[in-house]
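Colleague: give me the fold of what follows.
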Amino acid sequence: MKTDFSKLERAFNPRCVAVVGDKGESNYMWLRGQSEFKGKLYSVQVDPKEIPGIEALGIKNFPSLMDIPEPVDLVIVAVPRPVAPRILADCIRKDVAAAHFFTSGFAETDTEEGIGLQRTLTGMAEEADFHLVGPNCMGIYNPAAGIRQTPMQRTGFQGTVGFIAQSGTHAIAFSEEAYQQGVEINKSVSFGNGVVLDSSDYLAYFGNDDGIEAIGMYLEGVRDGRRFMATLKEVAARKPVVIWKGGRTEEGHRAIASHTGSLAVSMAIWDAAVKQCGAVKVRSMEELVDALKAVQYLKPVYGDRVGITGGSGGQSVAIADVFAEAGLKVPALTQESYDELSTFFSLIGGGYRNPIDTGNVNRREMKRIMEILERDNNVDNLVLLTSAIPRMAGQTDRDTAMLAEIRQRTPKPVAVILGFQSPEAVQAVREVAQRFRDDGIPTFVSLERGAKALKNALEYYVLKQRVNV
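Modeller: Okay, here's the model as predicted:
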């Protein structure tokens, strides 16, 4: 089946949505999930016991999808699996743009009935060129349109990241983790078993979406390896793609079979192919979020030498170890830098060998220290350690203004580590991250995460140069 981007556009930016089969026992999670939806929302339910609860939500119910008196862009299906083919037939007759089947119990169960029902759905959809999302998935999230995978997801903003996941849990968790870290979603999809629309389809669609600047993916397997790699290479040449592959171990392989029924692939083959396509591979949710942040907001990273300041006391050894273990270098500075530092730097409670431990006394000279690192020929990247503690808002103001000025004039990437936070700083992290991000400066919540993100950004730009030669 050829993917029709115009149908996907209608599904991801719908004007009219119908939810089929939502129930009180789930607290009408799909109808409540679309409570912020800007367009028309309808329910389809035949159980008379459920209709009063639906109407109490202020949503009009119809006994059939065919009775809805206007075109429907997206249908969310939450019916028992034996009923799924009948609902799909109505979607096809109604000329719905796409349907998200939350309904599960198909090939992932490894039962004759489940496999048979999945074949039926697949055959019906392919024959009709119908765009089926799932089954066994959480579907579409578009915060700007108010379309959600769960009532808890945030709305009212339009980010720059597209996220594609086989796992609904990971799709939902990513939306919150990314938001807290200052990485906002434009569109996201959980596609589960992917019997009709697979990762390649969503990747191609997001690749052509001008509102999406970077793409993250969580994958367990791909149905057509050649097609996926061809699509990945084409999209990664135009915008960053970061992939978290599940099932890297034998135990993970077994878990995949019962989760989405995907076929696992050799990790050695997978890693080599992804690298050849110019995409970045990561191993965790946190690394995925940080890598997406780094490739969007850092200036191009072409060197591995890092100049670091802002720490104090015995942190310098730990800082150097963390960055070195991530595959980066924390080099000695030039003699010119040391000569200039020696004219004003107090060695009591500090040291300037790189990392430059400012202590409390030298913190007031941070602008001058950062400018020395900026000019140093042994330094490719600049990293400042600071804090999100609310009572230190004045320091945050100074750091933000200083780094914004430096970033504007230097080609060197500039990053911030919001390290060593107190409990009171947790709530302030997003606000502080947002302020730095508004000036194009990414923040990371630990040394380890910041170092790894910088290394992943370096890998991305090196791969991009190599692939585009």
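Colleague: who's in contact with stretch 4-18?
Modeller: The contact list for stretch 4-18 (CB atoms under 8 Å, 6 or more residues apart in numbering) reads 34, 37, 39-44, 65, 68, 70-76, 96-98, 100, 129, 131, 133, 140, 142, 145, 147, 187, 189, 201, 204-205, 208. Placement of C-beta: from N, CA and C, glycine included.
Colleague: endpoints of that stretch, how far apart?
Modeller: One end of stretch 4-18 to the other measures 21 Å (CA to CA, to the nearest Å).
Colleague: which of the contacts of stretch 4-18 count as buried?
Modeller: 34, 37, 40-44, 65, 68, 72-76, 96-98, 100, 131, 133, 140, 142, 145, 147, 187, 189, 201, 204-205 (16 or more other CB atoms under 10 Å).
Colleague: which ones among the residues you listed map onto helices?
Modeller: 201, 204-205 (DSSP state H).
Colleague: sort out for me which of the buried ones among the contacts of stretch 4-18 are in strands.
Modeller: In strands, judged by DSSP state E, the following of the buried ones among the contacts of stretch 4-18 are found: 40-44, 74-76, 98, 100, 131, 133, 140, 187, 189.
Colleague: closest to Trp30 out of those?
Modeller: Ranked by distance to Trp30 (CB to CB), those are led by Ile76 at 5.1 Å.
Colleague: gap between that closest one and Cys91?
Modeller: Distance of Ile76 to Cys91, given as CB to CB, to the nearest Å: 11 Å.
Colleague: between the two, what contacts are shared?
Modeller: With contacts taken as CB under 8 Å, 6+ apart, Ile76 and Cys91 have Ala99 as neighbours in common.
Colleague: returning to what we had before: could you dump the ones in helices among the buried ones among the contacts of stretch 4-18 into JSON lines with distance to Ala107 and pLDDT added?
Modeller: Shown next, in JSON lines, are these (distance: CB to CB, whole Å; pLDDT from 0 to 100):
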{"residue": "Asp201", "distance to Ala107": "19", "pLDDT": "98"}
{"residue": "Ala204", "distance to Ala107": "24", "pLDDT": "98"}
{"residue": "Tyr205", "distance to Ala107": "24", "pLDDT": "98"}
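Colleague: tabulate these (a markdown table), appending distance to Leu373.
Modeller: Output for those, formatted as a markdown table (distance: CB to CB, whole Å):
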| residue | distance to Leu373 |
| --- | --- |
| Asp201 | 46 |
| Ala204 | 42 |
| Tyr205 | 42 |
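Colleague: next, the buried residues of stretch 197-211.
Modeller: Of all the residues in stretch 197-211, those buried under the rule 16+ other CB under 10 Å are 197-207, 209.
Colleague: stretch 334-348 now?
Modeller: Buried positions in stretch 334-348, judged by neighbour count with 16+ other CB under 10 Å: 337-338, 340-341, 345.
Colleague: hmm, back to that, ok, of the ones in helices among the buried ones among the contacts of stretch 4-18, which one's closest to Arg154?
Modeller: Tyr205 (22.7 Å).
Colleague: name the element the closest residue to that closest one other than its chain neighbours belongs to?
Modeller: The shortest distance from Tyr205 to any residue other than its chain neighbours is 5.0 Å, reached at Leu8 (CB to CB, 6 or more residues apart in numbering). Taking DSSP states H and E as the criterion, Leu8 maps to helix 5-12.
Colleague: do the same with Tyr461
Modeller: Per DSSP H and E: helix 447-467 holds Tyr461.
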